[in-house]
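Student: here is my input; please provide its structure:
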Amino acid sequence: MSRVEVKVPDIGDFKDVAVIELLVQPGDAVQVEQSLVTVESDKASMEIPSSHAGVVKELKVKLGDKVSQGSVLLSLETEASAQESPPQPATRAAAAPAANAGAAPAPQAGAAPAPASAGAGGSQARAAAAASPAGGDYDCDVLVLGGGPGGYSAAFRAADLGLKVVLVERYATLGGVCLNVGCIPSKALLHVTAVMDEVSHFESLGVSFGKPTVDLDKLRAHKSRVVGKLTGGLAAMAKMRKVTVVRGTGQFTGTHELEVAETAGATGQEPTGRKQSLRFRNAIIAAGSQAVHLPFLPQDPRIVDSTGALELSNVPKRMLVLGGGIIGLEMGTVYSTLGARLDVVEMLDGLMQGADRDLVRVWQKMNAPRFDKVMLKTRTVGAEATQDGIRVRFEGEQAPPEPQVYDLVLQAVGRSPNGRRIGADRAGVQVDERGFIPVDIQMRTNVPHIFAIGDIVGNPMLAHKAVHEGHVAAEAAAGEKSAFEARVIPSVAYTDPEVAWVGLTEDQARAQGVAITKGHFPWSASGRAIANGRDEGFTKLLFDAKTHRILGGGIVGTHAGDMIGEVALAVEMGADMVDIGKTIHPHPTLGESIGMAAEIAEGTCTDVPPQRR
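Tutor: I've put the predicted structure just below:
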């Protein structure tokens, strides 16, 4: 018999994590990989397993102690003293980064010409996949190209299913555009500016604040801390799952090969010249999209896309937003609150296309003071960089007669999929003329062992859609009978007020001739909205006129994005107006407006004047 000290193994980037649960006591017999303690950080909870079998002689930690790699947990009396390789900790629960970018729902890209069958399902297929890996002919069971929300979700799910995974990502950290230079940093800035706007109204309530002063360096540091916390958590979870992360950009060189060109720099724009080839059994393409750049605009630091706008290098006096979609309006909100005057130009006949016009009108009325010009049915036809600013020319119904000069121009005219930038043709993968990759409901391309997810497979280009597609692709690669069959995908504009919608819109119902019953609940009748001083919004639900089942809904107002998920769930579950109306919502909340909108549709709401019969 001998005495062995059991220590905390490699737990990634976690340091000084708290012991929250003791799972064994002195005298207990334990086996190799049996959990000994549970530790928790702000990123995840995990159980630390034993590296040896034996009997617990002494606990070296107590509840609340902080431990790191190498900390002694307990001593064991063992039969042999030979050191066994320490097992990896098991993640119990991790804080999954949330990311939302707004866009109007649209059908997924078309089905692949010859989708493969689902294959054998369940544990048999997983066992077969794990039993013949990688090694020899293949470097991995699953190679994931792209580490954004869809990509890392696919990689982690595949690893959880027992497959050997390699994740290729050009950024220095996981999370892709969304976490690094998109959804998450923009929401960090929008939160700050929303608070600034909110307190400016408090003087009428009897509470006065001084005029805010903005330290751009501290604001940028706050944004970076938010991004770092999330991306750091992803790196730790990749390590826990034994997902190999390879830094670089990928190009297919065959049906089972990918060449990775190593990159450097925070955003992976600097090639190092080093390359390596990886052979894979299955691949999941999650290569995303990039901002569209108008070819006639000059190369000038005063002309930026959304990534450049997030750098927040200065606050312009006058700013032009090219494109009246959600990304441009969100970033315009940030710069406006910080002091910029805005113009926006949009080729179509309205801003924030995809949402019903009644929702957008509420937003536009509240935000009118931000804009000097809103130029609809107008396009930009030329620009030149001058010492005084960027001189821009316009054509269209609301174009000003003379060129306008701006200190900053934000290009927000859409995103283009990266399907034609990854050598997909060399793998035999079909790519359409726009750069989208067609897939079937298992996210398979026309090449059965290659899957694709996220922006690259079609609209809507939303992080939450990509995550669910990533899970399906990983499960299908492991032999599961999994399919992407979402009825609806919600969209949110994180402006102030927020605009959120899901499912059939009222405009679509009109265009398609769908008979609906509408429940429209004005927030002027909401006790919580009135108490908050934010009763400008409303909640509306659309029901099938015959079956009374919900088809869609929209919300405009504070926290609309937090509430639209209930409407999405109702559509997925096939709820009708009685189901929703008779679900008891807490009072007073903004969320109860969903129940009241259903009651209005049914004719039973007592919080509004009686309806005419």
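
Student: rest of the way, CA atoms for contacts and neighbours
Tutor: Fine.

Student: just the helices in this structure please.
Tutor: 122-131, 149-160, 176-181, 183-199, 216-240, 306-310, 326-338, 357-367, 463-477, 506-512, 527-532, 560-573, 577-581, 592-602 (DSSP state H).

Student: so how far is the third one from its chain's centroid?
Tutor: From the chain centre to the centre of helix 176-181 is a distance of 9 Å (C-alpha atoms, centre = their mean, to the nearest Å).

Student: how much space between S524 and G561?
Tutor: 19 Å (C-alpha to C-alpha, to the nearest Å).

Student: who's more crowded, these two?
Tutor: Legend: neighbour count by other C-alpha atoms under 10 Å for S524 and G561, higher for G561 (21 against 16).

Student: quick revisit: let's have the helices of the chain in JSON lines, adding distance to P298.
Tutor: Listed next are these as JSON lines, based on distance: least, C-alpha to C-alpha, whole Å:
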{"stretch": "helix 122-131", "distance to P298": "51"}
{"stretch": "helix 149-160", "distance to P298": "32"}
{"stretch": "helix 176-181", "distance to P298": "23"}
{"stretch": "helix 183-199", "distance to P298": "25"}
{"stretch": "helix 216-240", "distance to P298": "27"}
{"stretch": "helix 306-310", "distance to P298": "15"}
{"stretch": "helix 326-338", "distance to P298": "19"}
{"stretch": "helix 357-367", "distance to P298": "30"}
{"stretch": "helix 463-477", "distance to P298": "31"}
{"stretch": "helix 506-512", "distance to P298": "38"}
{"stretch": "helix 527-532", "distance to P298": "46"}
{"stretch": "helix 560-573", "distance to P298": "37"}
{"stretch": "helix 577-581", "distance to P298": "53"}
{"stretch": "helix 592-602", "distance to P298": "48"}
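
Student: out of the ones you listed, which comes closest to E384?
Tutor: Nearest to E384, of all those, is helix 306-310, at 18.7 Å by C-alpha to C-alpha.

Student: quick check: pLDDT value at G557.
Tutor: Each residue has a pLDDT score; the one for G557 is 98.

Student: likewise Q124?
Tutor: 40.

Student: and Q108, by the same measure?
Tutor: 42.

Student: how about D432, nearest residue that isn't a chain neighbour?
Tutor: P438 (7.5 Å; C-alpha to C-alpha, 6 or more residues apart in numbering).

Student: what about the one you found, neighbour count?
Tutor: Other residues close to P438 by other C-alpha under 10 Å number 26.

Student: I figured it hits V431, correct?
Tutor: Yes: taking C-alpha atoms under 8 Å as the definition, P438 is a contact partner of V431 at 6.9 Å.

Student: mean pLDDT lowest where, among the helices of the chain?
Tutor: helix 122-131 (a mean of 42).

Student: re the thing from before, how about the helices of the chain, which one is nearest D65?
Tutor: helix 216-240 (20.8 Å).

Student: list the buried ones in that closest one?
Tutor: Judged by neighbour count (16 or more other C-alpha atoms under 10 Å), helix 216-240 contains these buried residues: 220, 222-224, 226-227, 230-240.

Student: can you give me the buried ones in stretch 57-67?
Tutor: So for stretch 57-67, counting by 16+ other C-alpha under 10 Å, buried means K57, L59, V61, K66, V67.

Student: now that stretch: mean pLDDT?
Tutor: Per-residue scores along stretch 57-67 average to 91.

Student: from what I see, L145 and I285 are in contact.
Tutor: Yes: L145 is in contact with I285 according to C-alpha under 8 Å; the separation is 5.0 Å.

Student: so what sits against both of the two?
Tutor: Residues touching both L145 and I285 by C-alpha atoms under 8 Å, 6 or more residues apart in numbering: G151.

Student: so what's G537 up against?
Tutor: Counting by C-alpha under 8 Å, 6+ apart, the residues that G537 touches are V362, P497, P522, W523, S524, I555, V556, G557, T558.

Student: who are the contact partners of the closest residue to T380 other than its chain neighbours?
Tutor: Nearest residue to T380, sequence neighbours excluded (C-alpha to C-alpha, 6+ apart): F394, at 4.5 Å. For F394, the contact set (C-alpha under 8 Å, 6+ apart) comprises T378, R379, T380, V381, G382, P400, P403.
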